[in-house]
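> Provided below for reference: sequence and predicted model.
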Amino acid sequence: MAQPLHYPGNELELFKEAHRWKSYLGQMIQPHIKGKVLEAGAGIGGTTPYLMTAAVTEWTLLEPDPEMADELIKKKGDGQFPAFTQVINGTLTDLANDTFDTILYIDVLEHIENDQAEFKQAIEKLNPGGRIIILSPALPSLYSPFDRAIGHYRRYDRKTLYALAPVELKLIQIRFLDIFGMILSLGNKWVLKKTYPSRGQIQFWDKRIVPLSKVFDKLTRYWRGRSILGIWEKS
């Protein structure tokens, strides 16, 4: 097993009640999820229930932080995840010869220093016809003390995210999400300069900003946003 990783941030607890944002993500991502699923860097599983669909047959929660993996195991024991869910404390190298129909990186790849090597390794575990889905913080110009505090190596734009994928993958889509969240992030970077948002700020963003972004993201054809979503298919 790889060296245990201890996650430096505590924002997952803050964002776990961002129900409108997670529902929005679910609407964007669920149509691409099927079969045997790997969620890499599952954290505390706060987004997992919003992504599961009837087309899923197995769901592996892969989490390198041992404390978070223990929390996932406890949640499974409490019945918060379906019976077809399994929890593995580790990284891709701990999965032996397992392969999957869908591989998810939800706000994870930006935490990995060698993202290209991780992507390549993930593709080797993707079945033909399977899809890999990446959601990450968008726009390098938004990189702030918050990104640094929670261990982000980078934020992505269309060019850098596109460049990660090997040529044998078919691009399904790359789009930005949360256009008004992008404006709030700029405000935090240049004015507030906070390392962490408060619970009240998260609730305001989720309740007031995300519904507006959901409408205007579509109207602006997902032109810009706080997050970027990339989906590819293996031929």
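Perfect, thanks for sending it.

> who's in contact with the residue of the chain positioned farthest from its centre?
Of all residues in the chain, residue 191 has its C-alpha farthest from the mean position, at 26.9 Å, by C-alpha atoms, centre = their mean. With contact set as C-beta atoms under 8 Å, 6 or more residues apart in numbering, residue 191 has no partners. Quick note: C-beta positions are derived from backbone N, CA and C, even for glycine.

> and it, what's its pLDDT?
You'll see residue 191 listed with a pLDDT of 80.

> what's the answer for residue 9, then?
pLDDT at residue 9 comes out at 62.

> cool, residue 4 as well?
Per-residue confidence for residue 4 comes out at a pLDDT of 58.

> OK, contacts around the residue nearest the centre of the chain?
With the centre of the chain defined as its mean C-alpha position, the nearest residue by C-alpha atoms, centre = their mean is residue 106, 1.0 Å away. Remark: with contacts taken as C-beta under 8 Å, 6+ apart, residue 106 is in contact with 25, 39, 41, 47, 51, 133, 135.

> which of the helices or strands spans residue 172?
Residue 172 belongs to strand 169-177 when assigned by DSSP states H and E.

> quick check: the gap between the nearest residue to residue 176 once chain neighbours are set aside and residue 102.
Nearest residue to residue 176, sequence neighbours excluded (C-beta to C-beta, 6 or more residues apart in numbering): residue 225, at 3.4 Å. Counting by C-beta to C-beta, to the nearest Å, the separation of residue 225 from residue 102 is 23 Å.

> is residue 128 in a helix, a strand, or coil?
The three-state label for residue 128, taken from DSSP: H, G, I helix; E, B strand; the rest coil, comes out as strand.

> so who does it touch?
Under the criterion of C-beta under 8 Å, 6+ apart, the neighbours of residue 128 are 234, 235.

> what pLDDT does it get?
According to the prediction, residue 128 has pLDDT 97.

> just the buried members of the contacts of residue 106?
Neighbour counting with 16 or more other C-beta atoms under 10 Å marks 25, 39, 41, 47, 51, 133, 135 as buried within these.

> hang on, the second one packs against residue 56?
I take that to be residue 39. No - no contact is recorded between residue 39 and residue 56 when judged using C-beta atoms under 8 Å, the distance being 10.7 Å.

> which helices and strands sit right next to the worst-scoring helix or strand of the chain on mean pLDDT?
Ranking every helix and strand in the chain by mean pLDDT, DSSP states H and E puts helix 11-15 at the bottom, with a mean of 78. Helices and strands touching helix 11-15, by 3 or more C-beta pairs under 8 Å, 6 or more residues apart in numbering; DSSP states H and E, are helix 199-204.

> where along this structure do the strands fall?
When assigned using DSSP state E, the strands of the chain occupy the ranges 35-40, 56-63, 85-89, 100-106, 126-137, 169-177, 227-234.

> ok, the closest residue to residue 234 other than its chain neighbours - contacts?
Leaving out its chain neighbours, the residue that sits closest to residue 234 by C-beta to C-beta, 6+ apart is residue 126, at 4.8 Å. Residues in contact with residue 126 (C-beta under 8 Å, 6+ apart) are 99, 100, 101, 103, 132, 234.

> show me what contacts residue 34?
Applying C-beta under 8 Å, 6+ apart as the definition, the contact partners of residue 34 turn out to be 53, 55, 56, 101, 102.

> fine, thanks again, bye for now.
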